[in-house]
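S.K.: predicted coordinates and the sequence they were generated for:
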Amino acid sequence: MTTLRPFEKESTREFDYVGQRTVRVDGLEKVSGAARYVDDLDFGPDLLHAEIVESPHANALIKAIDTSAAEAVPGVTKVVTGADFPFKFGLYMKDRYVFAQDRVRFVGEQVAAVIARDPKVAKRAAKLIDVSYEELLPIFDPIEALKPDAELIHPDLGSYTHVPWFYPHEDTNVAHWRKTRKGDIEQGFAEADVVLEDEYTVPRYAHCAIEPHVIVGLYDQSGRLTMWSASQSPYTQRHLFAEALAPLGLTHKDVRVITPYVGGGFGGKAGVSMEIMGAAIATAVKGHPVKIRFTREQEFYNTYQRQGLVAHIKMGVKNDGTITAIEHIMNWDAGAYVEYGANVVNAAGLSATGPYRVPNVWIDSKCIYTNLPPGGPYRGFGYSEFMFGLESHVDRVAEAIGMDPVEFRRKNAIREGDILAYGAEMNPSGLIEAIDRTAAAIEWGKKETSDDPNKAIGKGFAVFWKAPAMPPNASSASFLKFNEDGSMNITVSGMELGQGYLTAMAQIAGEVLSVPPSKIRVETPDTDRNPYEWQTVASHVTWSCGNAVHAAAVEAREKIFDVVHRVHGYEEESLYLEDESVRSSTDPDFKLPLRDFVIEGLEAPDGTFKGGPIVGSGTFMPEFTSTSSDPETSQGGHPNVHYTVGAAGVVLEVDRETGRMKVKKVALAVDVGKAINPSLIEGQITGGIVQGLATVLYEDMRFSEKGKLMNANFTDYKIPTAHDIPDETIPIIIEVGQPDGPFGARGVGEHTMIPAAPIIGNAIKDALGIRITSMPITAEKVALSVMKEQASEGDET
Amino acid sequence: MTIAQVFDYQRPESLEQAVQMLAEHGGDVRVLAGGTDLVAWLRDEAVAPDLLVDIKQIEGLGEISDEGDAVSIGSLVTFTDVINSGLVAARLPLVSEMSATVASVGIRNRATLVGNICSAVPSCDAGPPLLVHGAIVHTFGRAGARQIPIDDWFLGPRETALAPGEIVTKVVIPVPPGGHGAAFVRLSRYEGEDLAQASVAIVAPADHRFRVAFGAVAATPMRARRIESLLEGKALDPTLVAEAIALVSEEISPISDIRASKEFRLRMSEVMLQRGLKAAVERLEGNGPSYGTNLM
């Protein structure tokens, strides 16, 4: 039986649970401390601990490794090196090994592991491993890496396997080059009254989830590999573990990944990074669980980092404000391995017009190998990076033609049905409403002054958009079962990362089946028990898995109506669910509680029982997507399922002398399609703004001349505290339904941090008249810019 | 957090026992009080001691006491203890104001004021206020007790006048006679926990014999004696303040590091001096911003 599209069917009625501020289903577990994370799990006295030996060099050949002294330390169980696991892995491009083979490509890369009874013994023994290196000249600047005579960081790039929509350039450091072309770019600039171009730079950033990466592996005597992982991607991990370790005879059936609660991800726990080591070393100590628990320092330099960007933007506009052309050249510092990060580059390359109608587009997005730590997914997935430049540039273009920047954005805002840069159509969007409501919230156009003569107040505005960046066949699945009392258990394999996903799934199933979410338990993943989910990334899981849960609930409902029809005779079309009971539109007196029959079935007049345990299963795959397109233009496919759009504005107070900034008010409007739970979306808005503001105001990775990360700690890599939140945050939820989303919902998780950087840059300009084109925009940078400006004014007079 | 180093650990119950242990044990011996620096250094293997002498069980080191013309702060007194002390707030508001800016609540609950000057990093928060108050560091060792003026205490980054085998027992901070105003101005990268990028401590006594000290802009916290001489006994007016600011670049020798550039530290030290002088004098006159107000 086919299921009707949920939004079409259900948007017309009032909801009991969807759209409500339902209390989190995981709330009690978390506030009571009952929730368990990987490091909380007890593996008994057999547990072994691994210490990783890391490269001190950014680019070097490994000439020899002497492990004998480490192996002789009492308490050391095993020492492993790259020679033990000559296996490649990678999500989108297989360019990594479990441990370095003959070459290291960044400071901190794993070279060997010492497995011991106790972490102290492992740490001491690891120091005794003698690795002989021959240093090579490292490359840290992506622009240097592009030069024709640059040393090749991956000389064998041409032989690497990768997804078909990547275009590596053999014998260069360009691992992938996404080209998007639309219209005639030269013609577009020719038609413009004003053409403005400039360069914008964005450094690397770290996710800084509160829980570090932890992986425990047990390869038992029967050859079964069970992994307990702090991950956003249990199924992707299972697949990559099975794929990489296939030479050892492992198959998918033999690999089980269990992911309990996770203490934050932000993309850092997507895919497979350090976890591959845990899977491999477990096979070396059969019968013993073995744990790798990353330190905070390792979190910074050997998981994923947000990639650095050097972007060159050229925009043409007419005097009436119409954008005629955008050329956006993005050179990404993607790091030593790009198995995941190349897809960030790809996503940006498809969408770097921003949410604007642009007839003529030229985008180059280049994924460039450097000898810095591997880049990878980070909340925003490339959009935060390029939107800093683009939305700064939009303000400048508007200024150049004397147009209000909000009016300029309004005029050029993309609308439903507009043709995107790669040729597909734009989905329904509340962008105009977002612009208008955000502008109203910050009283755009009303100049404010501070009581303090040292301080200026500026306002900044930006729009944003983002689409999930997924393979065209990324899918979700769900199982649902009723219990005797009418309560339910749902299994899914998306991850509860703090965003409230489990609660949203309970609300969706509860809505379909008229069961309160408080009576629904949604389980964290175990790949042996829970059905498939691609990954909890891309802000897609409420949409995609929500559709799967919805389908499972509809299937269960159909089974309920079927058995009621068979026993009581009501036509299925007349049946509906209300207050945990089956009702009939043809018989107002009929009310059959679910708990009476969802396990035990219904007794027929002849004394037999019909039905039985009610279970449901549901899957979802976006069958309309495709990455088949022309590699020279990106025309022809449908790579993105939908864009979520919005706008943000800030009222910023700046101290002219010190450059110190205070966010007095920030408003963010986002079109979520349908707010399954408004409180959770407000949480995403507040959290995204705080995280985004930190990247613009003070976070910054600093590397030494040798490529060593100098601030792999919270002493010198600052993340926001309770003291650093804006004085006032105004979340604005807009609901222009997504036709293929559960109850009309679309993704929202990442988007809320995207506009943070440009609203600050634009507000500084408004307050002080100074345009800063590189992130972060620290107090120091602002103060020194003011000094420089004053000095040059002094010179002129 | 794995500390993989091997070292001995002792927990004496008296000062005599402690100095005995310090004297008898060869090699690198470290005194452990709050441990907020030392334990992190142990974990990072920035220090490699043979012995840790934990002084937390020694009685009498955790007192804040009124010594008439001075306030004494024992070596186990935490920054939180200082913040909660009505005595310190009433008599040495600068020390209270500084203490509230140190790190975060969790660290302040553990970190000691004396430990802060024993670690003696250039950015140590307690340095400038103790310098402007002319504090005396009291030590005890096998050779007996010593009193070291704070001006002689800081010898270099992480280097002090404490002799091997000695323990700091307390620091005695004189209260300026007559009323005084003061200000501790501290620059950091954001509102949350941070090490000082630069700091300035100012005491403005009734006779306007100003005391000024800077932190994090030289190898050690340092008195700004030329600025003090310039200001001595004078009423502050814009010209005088401008002259004082002009001296800052002669007084301090900031470096560029991961926390700030030399240029920014210099400029901000000028701003901090200007704002700090204004606040200290206003506080002296009874109309300044309340202590604890972030002037940056």
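M.R.: Arrived safely.

S.K.: so who does the residue of the stretch 51-200 of chain B found nearest chain A touch?
M.R.: The stretch 51-200 of chain B approaches chain A most closely through B:G192 (3.2 Å), counting by C-beta to the nearest C-beta. (Each C-beta comes from the backbone N, C-alpha and C, glycine too.) If a contact means C-beta atoms under 8 Å, 6 or more residues apart in numbering or on different chains, then B:G192 has A:K718, A:I719, A:P720, A:T721, A:A722, A:H723, A:D724, B:S104 as its contacts.

S.K.: closest one of these to A:R357?
M.R.: Closest approach to A:R357 among the contacts of B:G192 (C-beta to C-beta): A:P720, at 35.5 Å.

S.K.: what about the strands in the stretch 1-150 of chain B?
M.R.: B:8-10, B:29-32, B:51-54, B:64-66, B:70-74, B:136-141, B:144-149 (DSSP state E, counting those that start in this stretch).

S.K.: A:I681: which of these is closest?
M.R.: Across those, A:I681 has its closest neighbour in strand B:29-32 (48.4 Å, C-beta to C-beta).

S.K.: pull up the gap between the closest residue to chain B within chain A and B:Y190, please.
M.R.: Of all residues in chain A, A:T721 sits closest to chain B, at 3.2 Å by C-beta to the nearest C-beta. A:T721 sits at a distance of 8 Å from B:Y190 (criterion: C-beta to C-beta, to the nearest Å).

S.K.: settle it for me: which of those two has more neighbours?
M.R.: B:Y190 (20 against 16; other C-beta atoms under 10 Å in any protein chain shown).

S.K.: part of a helix, is the more buried one?
M.R.: No. Judged by DSSP: H, G, I helix; E, B strand; the rest coil, B:Y190 forms no part of a helix; its state is coil.

S.K.: surely it and A:Y717 touch.
M.R.: No. Checked against C-beta atoms under 8 Å, the pair B:Y190 and A:Y717 is beyond contact range at 11.6 Å.

S.K.: number of nearby residues for residue 161?
M.R.: Unless you meant another one, I'm taking chain A. Using other C-beta under 10 Å, A:T161 has 11 neighbouring residues.

S.K.: try chain B instead
M.R.: 16.

S.K.: for A:E134, same thing?
M.R.: By the criterion of other C-beta under 10 Å, A:E134 has 10 neighbours.

S.K.: sticking with it, tell me its helix or strand.
M.R.: strand A:130-135 (DSSP states H and E).

S.K.: what's the first helix or strand after the helix or strand in which A:A64 is found?
M.R.: Assigned by DSSP H and E, A:A64 belongs to strand A:60-66. Next along the chain after strand A:60-66, taking DSSP H and E as the criterion, comes helix A:68-71.

S.K.: need the contact partners of that next one.
M.R.: With contacts defined as C-beta under 8 Å, 6+ apart, helix A:68-71 is touched by A:V76, A:V79, A:V114, A:A125, A:A126, A:L128, A:I129, A:D130.

S.K.: now do the buried residues in stretch A:521-534.
M.R.: Buried residues in stretch A:521-534, defined by neighbour count with 16 or more other C-beta atoms under 10 Å in any protein chain shown: A:R521, A:V522, A:T524, A:P525, A:D526, A:T527, A:N530, A:P531, A:Y532, A:E533, A:W534.

S.K.: now do the same end-to-end measure for that stretch.
M.R.: Terminal residues of stretch A:521-534 lie 21 Å apart, using C-alpha to C-alpha, to the nearest Å.

S.K.: the one helix or strand A:V463 maps to near chain B anywhere?
M.R.: Assigned by DSSP H and E, A:V463 belongs to strand A:455-466. No. Strand A:455-466 lies apart from chain B when judged by C-beta under 8 Å from any C-beta of the partner chain; the minimum separation is 11.8 Å.

S.K.: now do whichever helix or strand comes after that strand: distance to the chain's middle.
M.R.: Sequence-wise, the next helix or strand downstream of strand A:455-466 (DSSP H and E) is strand A:476-482. How far strand A:476-482 lies from its chain's middle: 24 Å, per C-alpha atoms, centre = their mean, to the nearest Å.

S.K.: what's near enough to touch residue 50?
M.R.: With no chain named, the answer covers chain A. A:A113, A:V114, A:I115, A:A116, A:A122, A:M277, A:G278, A:I281, A:V290, A:K291, A:I292.

S.K.: wrong chain, I was asking about chain B
M.R.: Each residue near B:D50 by C-beta under 8 Å, 6+ apart is listed here: B:F7, B:D8, B:H25, B:G26, B:G27, B:D28, B:V29.

S.K.: now with 10 Å, please.
M.R.: By C-beta atoms under 10 Å, 6 or more residues apart in numbering or on different chains, the contact set of B:D50 is B:Q5, B:V6, B:F7, B:D8, B:H25, B:G26, B:G27, B:D28, B:V29, B:R30.

S.K.: which residues does the residue lying closest to the fifth one once chain neighbours are set aside bridge with?
M.R.: Spatially, and ignoring its direct neighbours in sequence, B:H25 is nearest to B:L51 (4.5 Å; C-beta to C-beta, 6 or more residues apart in numbering or on different chains). The partner list for B:L51 in beta bridges (DSSP bridges) reads B:D8, B:V29.

S.K.: circling back to that earlier point, tell me the one among the contacts of helix A:68-71 nearest to B:F264.
M.R.: A:A126 (39.2 Å).

S.K.: next one: phi and psi at B:G215?
M.R.: Note on B:G215: its backbone torsions stand at phi -130, psi 150 [degrees, to the nearest 10].

S.K.: hmm, back to that, out of the contacts of helix A:68-71, who's nearest B:S65?
M.R.: Looking across the contacts of helix A:68-71 and measuring by C-beta to C-beta, the closest to B:S65 is A:A126, at 49.0 Å.

S.K.: what's near enough to touch that closest one?
M.R.: A:50-54, A:70, A:73, A:76, A:79, A:112-114, A:116, B:4.

S.K.: in helices only, show me these.
M.R.: Judged by DSSP state H, those include A:A70 as members of helices.

S.K.: so which of the contacts of A:A126 is the most crowded?
M.R.: A:V114 (29 neighbours).

S.K.: got the buried residues for the helix or strand where A:I143 lies?
M.R.: Here A:I143 sits within helix A:142-146, counting by DSSP H and E. Residues of helix A:142-146 classed as buried by neighbour count (16+ other C-beta under 10 Å): A:P142, A:A145, A:L146.

S.K.: low-confidence ranges, the chain, go.
M.R.: Just so you know, I chose chain A. A:1-13, A:796-797 (pLDDT under 70).

S.K.: please go with chain B instead
M.R.: In chain B, no residues with pLDDT under 70.

S.K.: now do the helices in it.
M.R.: Ranges of helices in chain B, per DSSP H, are B:15-24, B:38-44, B:79-84, B:86-91, B:93-99, B:105-108, B:113-119, B:127-133, B:225-231, B:238-251, B:262-284.
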